[in-house]
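Q: what follows is a predicted protein model with its sequence.
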Number of protein chains: 4
Amino acid sequence: MSGAQREKHEAILDSAFEIFGQKGFYETKISDITEHAGIAKGTMYLYFKSKEELFIAVTRRDWETFLRNLSYRVKQADGLLPKLRQVAEHHLEYYYERKSHGKIFFHAPNNDSELMKMMHGFLTRYMAIVKDVLEEAGMPDPDFYAKAFIGMLDRLKMDILFEGEFTREELELRVDQTVRLFLRGSERELN
Amino acid sequence: MSGAQREKHEAILDSAFEIFGQKGFYETKISDITEHAGIAKGTMYLYFKSKEELFIAVTRRDWETFLRNLSYRVKQADGLLPKLRQVAEHHLEYYYERKSHGKIFFHAPNNDSELMKMMHGFLTRYMAIVKDVLEEAGMPDPDFYAKAFIGMLDRLKMDILFEGEFTREELELRVDQTVRLFLRGSERELN
Amino acid sequence: MSGAQREKHEAILDSAFEIFGQKGFYETKISDITEHAGIAKGTMYLYFKSKEELFIAVTRRDWETFLRNLSYRVKQADGLLPKLRQVAEHHLEYYYERKSHGKIFFHAPNNDSELMKMMHGFLTRYMAIVKDVLEEAGMPDPDFYAKAFIGMLDRLKMDILFEGEFTREELELRVDQTVRLFLRGSERELN
Amino acid sequence: MSGAQREKHEAILDSAFEIFGQKGFYETKISDITEHAGIAKGTMYLYFKSKEELFIAVTRRDWETFLRNLSYRVKQADGLLPKLRQVAEHHLEYYYERKSHGKIFFHAPNNDSELMKMMHGFLTRYMAIVKDVLEEAGMPDPDFYAKAFIGMLDRLKMDILFEGEFTREELELRVDQTVRLFLRGSERELN
DNA sequence: AATGAATGAGGCTTCATTCAT
DNA sequence: GATGAATGAAGCCTCATTCAT
């Protein structure tokens, strides 16, 4: 693939990410994407075999970036608390930057086992990263704790995606709160 | 609406819940539902205005039951810990009973603002119930803690929905762990 | 299938025969056929699974009629010569009546093994009928002679289909000539 | 046109013959042909105006060869019987060598009057050659006899094209039988 | 009220052809 | 001349919805 082709490949992925993100898989027409990309409908089929394949490619690229950045940030930080803060910050920032692309997280095509496998793989890799952080710190049952931590973070995405006025400051606050809750529990907050 | 009509209304909702749950909104055909209900395609339109309306009605009925049962269980329990245990158990049991209906949680119709509003309303009511429990116990920032608690629980639904071998015993174990983590944090588990 | 449905089924077959016959399989659009039948595009799919299936059904109906009529005519006639005359007349009349449907004989869909099998089956049945006539008369190697006789007839279809001015009288003349040639050869015509 | 160009021209025709023969006109993509020829898609359009033109050129070349060879063989032979044997042998050999290219005979493009005219012209020339042979021998109504003879031969092509196990020996046998039937008729074979 | 045949808008995809390099 | 990326018209088919019975 030449340089120009790689660029167009990326441009289609960009447009697809944009439109799938706004409308979800089923409500998105190929023509929506190609018009947004400024190309003809047929051109998309030179780069991707089908609408499903395109969606998968978009999702894969997004997740790979997510995981790559997460790994990097976790590696840079030192100690359990800083590492967990990085995870939390990264997770929430990810959704923060995708405020207007919420649909992509909810409307993947059904019955597509390739996609399902891929998603499962990504979730596993995400969990593994967090699990490693916990394990390194000597946490018992790190599987469970990793899931719970990610769960707390993921629930907050709803606020970010659906509350228009969510600010960057609130984001930082949530990071603090979440990490604190995770480590120290809520009980001691009681009078 | 006569009694016979109410019965048919319910029968359609039952079939719709079944099929939407298995295939998701977009991959479900009206004819799938009406065949499963043993009625003619046109009959559905005597009871519901459109496919979207039917989906909304299904979702509403499911959520109302969810919230009603939750309220009841929380009211029965006494004290923070028992109440949180009820919330956790109820949440996980809900998914446990819907193991084979996972698609309904991921594939709602897009661009349907009525549904979006409704979903938001339900989430708010769910949160309010948990928030009340926390507030009653004197927890500060109960909004945040409620979200975090629900988030932890909701993350675990992935395991339930996608791991075939998830057992009832594991469910109880998760309830314990989650409540404990929520109250006491993970820090003290470290050596 | 109700009476009205059976009628529509036939009406679609009639239109399909008409249009496929004029344009061939590939140049025919489903909308050509449904417009000719005075129905909506989707309606055709209530009666036939696909364009291929429709074509197969059209072909099958035409061939079945062909073979049924042939059998009947051959049964009515008595003796080798009269029977062969019936075969020849029937064969040529068939094309004569389909002067304006020539394309259907040349443009079936490729790569459709069901159709291929069916065509082969019909040809075999056709040949078997002629073979029986010859065998009954004590002709040796009836397989070969049956093929040759049908071949002579079939070649003449080109004249019928592509020469606009082919008349009914010429048809009768060809019947005579063909049967005579088949039985007595051309040699004795030489001086 | 330079020598190199003429070679490419021929190479495209060769590939087109191969692929059209295997898949028929409609199921063949230009890219199938150009890939088989090892050239770019656009290159084909430097040599032929369209897919139809290419098909016509392929057909013309094939038929011209057919007729040239036939003329030569007929000229070499001496007497009615040997000449007819040459025609029969040549006809059957033609299909025998094209066993794997059957589709080309059944799937020409429709609605292309140029092709139709050409085909008609070739058939006429073929018939004229046979007719001359018969006329020369003093056969009356040579038009009809020529058609009948070719018809017998052409029917046998079905066996050759569709019966995998058709051998060279069977071919010779068919030649004998066909010529004999044509000259002496089948009647005298009866007891 | 119930039916289910009919409708037809609309989307995905293919592929012959063009044209800038 | 040769390339092959890009184009976009065109067709098959689906399925939510309607309506005559």
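A: That came through fine.

Q: what packs against the helix or strand hosting residue A:150?
A: Assigned by DSSP states H and E, residue A:150 belongs to helix A:142-162. With contacts taken as 3 or more CB pairs under 8 Å, 6 or more residues apart in numbering or on different chains; DSSP states H and E, helix A:142-162 sits against helix A:80-97, helix A:113-136, helix A:168-184, helix B:142-162, helix B:168-184. Every residue, glycine included, has its C-beta placed from N, CA and C.

Q: let me know which of those helices is tucked in deepest.
A: helix B:142-162 (a mean of 22; mean count of other CB atoms under 10 Å in any protein chain shown).

Q: pLDDT of it, averaged?
A: Throughout helix B:142-162, pLDDT has a mean value of 87.

Q: check stretch A:32-51 too.
A: Rounded mean pLDDT across stretch A:32-51 is 96.

Q: and the residue of chain A nearest DNA strand F?
A: Nearest residue of chain A to DNA strand F, counting by CB to the nearest atom of the strand: residue A:42, 1.7 Å away.

Q: next, the angle from the helix holding residue A:150 to helix A:168-184.
A: Relative orientation of helix A:142-162 and helix A:168-184, computed by axes from the mean of the first three to the mean of the last three CA atoms, to 10 degrees: 160 degrees.

Q: before we move on, back to that, mind telling me what element the residue of chain A closest to DNA strand F is part of?
A: helix A:41-47.

Q: mind checking how far the residue in chain A that chain C sits nearest to is from DNA strand E?
A: Closest approach of chain A to chain C (CB to the nearest CB) occurs at residue A:50, with a separation of 20.0 Å. Going from residue A:50 to DNA strand E by CB to the nearest atom of the strand, to the nearest Å gives 4 Å.

Q: kindly report the same for residue A:75.
A: For residue A:75 relative to DNA strand E (CB to the nearest atom of the strand), the value is 40 Å.

Q: show the pLDDT at the closest residue to residue A:157 other than its chain neighbours.
A: Spatial nearest neighbour of residue A:157, chain neighbours left out: residue A:95 (4.3 Å); criterion: CB to CB, 6 or more residues apart in numbering or on different chains. For residue A:95, the pLDDT comes out at 87.

Q: do residue A:82 as well
A: At residue A:82, pLDDT is 95.

Q: for chain A, which residues are neighbours of DNA strand F?
A: A:2, A:4-5, A:8, A:39-43, A:45-47 (CB under 7 Å from any atom of the strand).

Q: and of the residues you listed, the nearest to chain D?
A: So of the residues of chain A next to DNA strand F, ranked by how close each gets to chain D (CB to the nearest CB), first place is residue A:46, at 12.2 Å.

Q: what does residue A:79 show for phi and psi?
A: phi 100, psi 160 (degrees, to the nearest 10).

Q: what about it, how many neighbours?
A: Using other CB atoms under 10 Å in any protein chain shown, the number of residues around residue A:79 comes to 11.

Q: again with residue A:100
A: Using other CB under 10 Å, residue A:100 is surrounded by 10 other residues.

Q: what's it sitting at in phi/psi?
A: According to degrees, to the nearest 10, residue A:100 has phi -90, psi 10.

Q: residue A:109 in helix, strand or coil?
A: When classified by DSSP: H, G, I helix; E, B strand; the rest coil, residue A:109 comes out as coil.

Q: verify the stated contact: it with residue A:52.
A: Yes - the criterion here is CB atoms under 8 Å, and residue A:109 meets it with residue A:52 at 5.6 Å.

Q: what sits in contact with each of these two?
A: residue A:115 (CB atoms under 8 Å, 6 or more residues apart in numbering or on different chains).

Q: by how many degrees do the helix or strand containing residue A:65 and helix A:113-136 diverge?
A: Using DSSP H and E, residue A:65 falls within helix A:51-76. With the same axes, to 10 degrees defining the directions, helix A:51-76 sits at 10 degrees from helix A:113-136.

Q: list the buried ones in helix A:51-76?
A: Within helix A:51-76, the residues that count as buried by 16 or more other CB atoms under 10 Å in any protein chain shown are A:51-52, A:54-60, A:62-63, A:66-67, A:70, A:73-74.

Q: now stretch A:4-18
A: Within stretch A:4-18, the residues that qualify as buried are A:8, A:12-13, A:15-18, counting by 16+ other CB under 10 Å.

Q: and of the residues you listed, the nearest to residue A:83?
A: residue A:17 (28.7 Å; CB to CB).

Q: before we move on, the earlier item: among the buried residues of stretch A:4-18, which ones are in helices?
A: Among those, the ones falling in helices (DSSP state H) are A:8, A:12-13, A:15-18.

Q: so which of those residues reach chain C?
A: Applying CB under 8 Å from any CB of the partner chain, the subset of these adjacent to chain C is empty.

Q: possible to save those as a markdown table with pLDDT and distance to residue D:116?
A: Converted to a markdown table, those look like this (pLDDT from 0 to 100; distance: CB to CB, whole Å):
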| residue | pLDDT | distance to residue D:116 |
| --- | --- | --- |
| A:8 | 94 | 43 |
| A:12 | 97 | 44 |
| A:13 | 97 | 49 |
| A:15 | 96 | 47 |
| A:16 | 96 | 47 |
| A:17 | 93 | 52 |
| A:18 | 93 | 52 |
